[in-house]
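Visitor: okay, structure incoming, though there's no sequence with it:
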């Protein structure tokens, strides 16, 4: 391009995406960036400078919707400020809060231009063109009949793996969406829809492009990822275990993870992968939510504590060094002190390398929200504190047990100090080592020297 062309070229438009919640939202935000790159948008970390701001929302956490409205209040000033200078700013709300709230978002926050659910972000360019052509605020929350991944995969084949480079050596890859379990506390079936598995070849194609762009570790994502049943070109249906085996044949791919799993879907083929496939990491996130069968029944989890323990025992028989993570909810409606103590007993029996724990908070439209036996908040706060203390002790104990151990480390990024890099252990811990920038992306063997509450220090062997 000569100087005159450069002067006349239309400048890139800027997009700021704020991501809330789970890894699947992180993946969705990255795919939105991919879609928007074809429209001339480049990312920015300054919302006030953006031509387009997207809040990619999550409905799982407490007061999720209110946090979004609070953020929209801050964005109002940016939008009005840009209007005074003649530079329009479009604001979009995406994700699960958008799916659940719909038109209500426009009513409460008229500055919002576009509202769209997690199943329609592949149509972002269309929404932008319609809004820029003068259409009033756009709300698109119907579940589409088309496969959104079909359009995204087609654009990938045209665009190639350009965006994967910027994501480093680890990447998320959605293979399954939606949920058919209908736990009584959860909005996911209503915001993400029924379970859907992407076809095998499309997943392998995306994974191959990621690896070609420098990715060494892929985490497969799904609301119930181990419920994956994807169609293959030979007419067969592949399970998650079969998919892991297929992905492991990609040259240059060093590590595979998957999340989030449901205890009812841990079949023998998947468990066998932990025994036979060295690329599958010895770390599993397996939520249980409660250690009380009475509460599990009320939650409609459709498994018992005995079922959960049996899965863990099967895993530990085939992979003795496997480490577990879990999810827990305290203060579910009707939970008694005895129910809570059953959860504490389960935690002591299983022992977790890491876990996530929350106070129950009602979600409108879910069966649990209408129950009359809600637990007082001060009781939930006390129980959560006791549970988190136990889980914190277990995490510190697990990290401490790693001192003196040797394992492969994938170096992912620079640390806080010069000459320091940070990688992830097979157990997903952050590990700090002394090394140089040139080694980012390398797999190195390390020996752990120190352990903190949330990370390890090691030296390269």
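Guide: Alright, I've got the coordinates. The structure displayed is predicted, hence computed values, not measured ones.

Visitor: could you use CA atoms for every contact and neighbour count after this?
Guide: Noted.

Visitor: where does this protein have low pLDDT?
Guide: 1-11, 61-62, 144-167 (pLDDT under 70).

Visitor: run a quick neighbour tally on residue 96.
Guide: By other CA atoms under 10 Å, the residues close to residue 96 number 29.

Visitor: same question, residue 457
Guide: 18.

Visitor: which phi and psi does it have?
Guide: Dihedral angles of residue 457 (phi, psi; degrees, to the nearest 10) stand at phi -120, psi 140.

Visitor: is it bridged to anything, and to what?
Guide: With DSSP bridges as the criterion, residue 457 is bridged to residue 432, residue 450.

Visitor: confirm for me that it is in contact with residue 431.
Guide: Yes: between residue 457 and residue 431 there is a contact under CA atoms under 8 Å: 5.5 Å.

Visitor: and the closest residue to residue 49 other than its chain neighbours, what is it in contact with?
Guide: Counting by CA to CA, 6 or more residues apart in numbering, residue 14 is the residue found nearest to residue 49 once chain neighbours are left out, at 7.3 Å. For residue 14, the contact set (CA atoms under 8 Å, 6 or more residues apart in numbering) comprises 41, 42, 43, 44, 49, 50, 51, 52.

Visitor: neighbour count, secondary structure and distance to residue 345 added to those residues, as CSV?
Guide: Listed next are these as CSV, based on neighbours: other CA atoms under 10 Å; DSSP: H, G, I helix; E, B strand; the rest coil; distance: CA to CA, whole Å:
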residue, neighbour count, secondary structure, distance to residue 345
41, 20, strand, 52
42, 17, strand, 50
43, 17, strand, 47
44, 17, coil, 47
49, 18, helix, 52
50, 26, coil, 50
51, 21, coil, 52
52, 23, strand, 49
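
Visitor: is it correct that residue 43 is in contact with residue 34?
Guide: No: between residue 43 and residue 34 there is no contact under CA under 8 Å: 10.3 Å.

Visitor: returning to that earlier point: what strand or helix carries the residue nearest to residue 49?
Guide: strand 13-19 (DSSP states H and E).

Visitor: and residue 406, how far from residue 447?
Guide: 4 Å (CA to CA, to the nearest Å).

Visitor: residue 427 too?
Guide: From residue 427 to residue 447 the distance is 14 Å (CA to CA).

Visitor: just give me the neighbour total for residue 338.
Guide: Neighbour number of residue 338 under other CA under 10 Å is 10.

Visitor: got it, and residue 331?
Guide: 27.

Visitor: ok, and the closest non-adjacent residue to it?
Guide: Per CA to CA, 6+ apart, closest to residue 331 is residue 380, 4.9 Å.

Visitor: OK, contacts around the one you found?
Guide: 330, 331, 359, 360.

Visitor: among those, who's most crowded?
Guide: residue 331 (27 neighbours).

Visitor: residues contacting that one?
Guide: Residue 331 touches 359, 360, 374, 375, 376, 379, 380, 383, counting by CA under 8 Å, 6+ apart.

Visitor: swap the cut-off to 10 Å and go again
Guide: 290, 295, 337, 339-340, 358-361, 374-384 (CA atoms under 10 Å, 6 or more residues apart in numbering).

Visitor: mind checking which of those are buried?
Guide: 290, 295, 339-340, 358-361, 374-375, 380, 383-384 (16 or more other CA atoms under 10 Å).

Visitor: any chance of those in a markdown table with secondary structure and distance to residue 57 as columns?
Guide: Formatted as a markdown table, the buried ones among the contacts of residue 331 follow (DSSP: H, G, I helix; E, B strand; the rest coil; distance: CA to CA, whole Å):
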| residue | secondary structure | distance to residue 57 |
| --- | --- | --- |
| 290 | coil | 26 |
| 295 | helix | 29 |
| 339 | helix | 32 |
| 340 | helix | 31 |
| 358 | strand | 18 |
| 359 | strand | 20 |
| 360 | coil | 19 |
| 361 | coil | 17 |
| 374 | coil | 26 |
| 375 | coil | 27 |
| 380 | helix | 25 |
| 383 | helix | 28 |
| 384 | helix | 25 |
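
Visitor: turn these into TSV, including distance to residue 193.
Guide: Converted to TSV, these look like this (distance: CA to CA, whole Å):
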residue	distance to residue 193
290	25
295	25
339	31
340	31
358	24
359	25
360	22
361	21
374	27
375	29
380	30
383	32
384	30
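
Visitor: which one of these is nearest residue 324?
Guide: Within those, the smallest distance to residue 324 is 15.4 Å, found for residue 290 (CA to CA).

Visitor: quick check: closest non-adjacent residue to the closest one.
Guide: residue 343 (5.4 Å).

Visitor: what's the neighbour count on the one you found?
Guide: With other CA under 10 Å as criterion, residue 343 counts 24.

Visitor: now do residue 391
Guide: Residues lying near residue 391 (other CA under 10 Å) number 23.

Visitor: identify the residues contacting it.
Guide: With CA under 10 Å, 6+ apart, residue 391 has these contacts: 326, 344, 347-348, 351-357, 385, 397.

Visitor: just to revisit the earlier point, now list whatever residues contact both of residue 406 and residue 447.
Guide: The contact sets of residue 406 and residue 447 overlap at 458, 459, 460, 461 (CA under 10 Å, 6+ apart).

Visitor: take these and keep only those in strands.
Guide: Applying DSSP state E to the shared contacts of residue 406 and residue 447, the entries found in strands are 458, 459, 460.

Visitor: not counting sequence-adjacent ones, nearest residue to the first one?
Guide: Read it as residue 458. In space, residue 458 is closest to residue 448, 4.1 Å off (CA to CA, 6+ apart).
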